[in-house]
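>>> need a 3D model of the following:
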Amino acid sequence: MAADFPYLYPYSRADARRLRQTQMHEDSFRVNVDCARAIEQAVRDHFNAADESLAEGCAQSVLEQFGFKRVNFVLANSLQEFRESACKYLVSDETYRWGRKTFVPQDGQYNRCYAVDTAAGLLESFIGQARDAYQALGLFGLEHCAGNPLEQDYKGKVLVMRPDTLRESCWDPRNMLWLAEGGFGCSPHARGQAVYATCLGDGEKTRWNRSDFAGVLDEQYLPDWAREKVEELRTPQQEQDTGPAMGGMTME
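Okay, the predicted model is just below:
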């Protein structure tokens, strides 16, 4: 799914007015509505009346059109609306927990307009397919991190980029692991947010904010290709720290 999709505006209409971004809100809202209606149509098209299930490929057809970020946003909103209904018990707690991982602002009537209108069981089946499709991408996430990111010093550590930081066309495991090399943002308690890091996939060096990262990668999840790149990047620094050597001795 190597495509970029229309910008997903993450704030409410009230926030948009305050920030003078009402057009951005309107543009994103219209796509949200289109996405919700597309999910409803896909459910109808893939519904198997014999066993009241959804055929494979139902979610994929919508994901290809709108992307994971938009689809997850609309599904999370739908769960949020469903939870306020008399039928909220028809959706599992585990599915509700998944939905809460995506922030959806309270936006009054706008929320209702892009809530998916379908049976609870079919909504859960669609969500299950969307989650499976996401897992198949093999991306890194918070579940691959170790320690408390609010207390960790990032300098010299391999960091996991948040998927939402990247365009979906860049969603690849090799684009998500970065070696932090400096910047005030490496410190958990500094005012500055800048983190200067190198991508372990292609060697790109750039500046990010601390909040762009999910945390420090648990070493057990470090792939061989990334380990080799880390060693390559750290070697020049180690040589610089120890100084030039003569006859196996380090010069003082």
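
>>> mind listing the strands for the stretch 101-250 of the chain?
145-146, 158-161, 177-182, 194-199, 205-209, 213-217, 245-246, 249-250 (DSSP state E, counting those that start in this stretch).

>>> what's the closest of those strands to Glu64?
Glu64 sits nearest to strand 158-161 of all the strands of the stretch 101-250 of the chain, at 23.4 Å, using CB to CB. C-beta: built from backbone N, CA, C; applies to glycine.

>>> can I get the closest one in PDB, CA atoms only?
Provided in PDB are the C-alpha atoms of strand 158-161 (Å, rounded to 0.1, in the frame of the first residue of the first chain):
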ATOM      1  CA  VAL A 158      17.800   2.800  19.000                       C
ATOM      2  CA  LEU A 159      14.400   4.500  18.900                       C
ATOM      3  CA  VAL A 160      11.100   3.400  17.400                       C
ATOM      4  CA  MET A 161       9.400   6.000  15.300                       C
END
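
>>> how about low-confidence regions in this protein?
By pLDDT under 70, the weakly predicted segments of the chain are 1-3, 236-252.

>>> can you tell me the centre-most residue of the chain?
Closest residue to the average C-alpha location of the chain: Pro163 at 3.1 Å, with CA atoms, centre = their mean.

>>> please name the nearest non-neighbouring residue to that residue.
Leu139 (5.7 Å; CB to CB, 6 or more residues apart in numbering).

>>> now the one you found: how far from Met176?
Leu139 is 6 Å from Met176, where distance means CB to CB, to the nearest Å.

>>> between those two, what contacts are shared?
Pro163 (CB atoms under 8 Å, 6 or more residues apart in numbering).

>>> related to what we said a few turns ago, which one of the strands of the stretch 101-250 of the chain is the most hemmed in?
Neighbour counts (mean count of other CB atoms under 10 Å) averaged over each of those peak at strand 158-161, with a mean of 23.

>>> what residues does that one touch?
Under the criterion CB under 8 Å, 6+ apart, residues 140-142, 144-145, 175-180, 195, 197, 200, 208, 212-217, 222, 226, 230 lie in contact with strand 158-161.

>>> okay, now the domains of this structure?
Domains of the chain are assigned by automatic domain parsing as 13-135, 142-246.

>>> among these, which comes closest to Pro6?
Smallest distance to Pro6 across those (CB to CB): 5.1 Å, for domain 13-135.

>>> contact partners for the spatially closest residue to Asn48 that is not a sequence neighbour?
Among residues not flanking Asn48 along the chain, Ala55 sits closest, at 5.7 Å (CB to CB, 6+ apart). For Ala55, the contacting residues are His46, Phe47, Asn48, by CB under 8 Å, 6+ apart.

>>> is it true that Tyr221 touches Leu139?
No - the pair Tyr221 / Leu139 is not scored as a contact, 11.6 Å apart, by CB atoms under 8 Å.

>>> Leu123: neighbour count?
Leu123 has 24 neighbours, counted by other CB atoms under 10 Å.

>>> what does Gly147 give?
So Gly147, with other CB under 10 Å, has 11 neighbours.

>>> please apply the same query to Ala86.
Neighbourhood size, Ala86 [other CB under 10 Å]: 6.

>>> equivalent analysis for Lys157, please.
Neighbour count of Lys157, defined by other CB under 10 Å: 21.

>>> do the same with Ala16
20.

>>> what helix or strand is it on?
According to DSSP states H and E, Ala16 maps onto helix 13-18.

>>> what helices or strands is whichever helix or strand comes after that helix leaning on?
Downstream of helix 13-18, the first helix or strand assigned by DSSP H and E is helix 22-46. Applying 3 or more CB pairs under 8 Å, 6 or more residues apart in numbering; DSSP states H and E, we find helix 22-46 packed against helix 13-18, helix 58-82, helix 109-113, helix 120-135.

>>> now Thr22, nearest residue through space, not along the chain?
Leaving aside its sequence neighbours, Thr22 sits nearest to Ala16 (CB to CB, 6+ apart; 4.9 Å).
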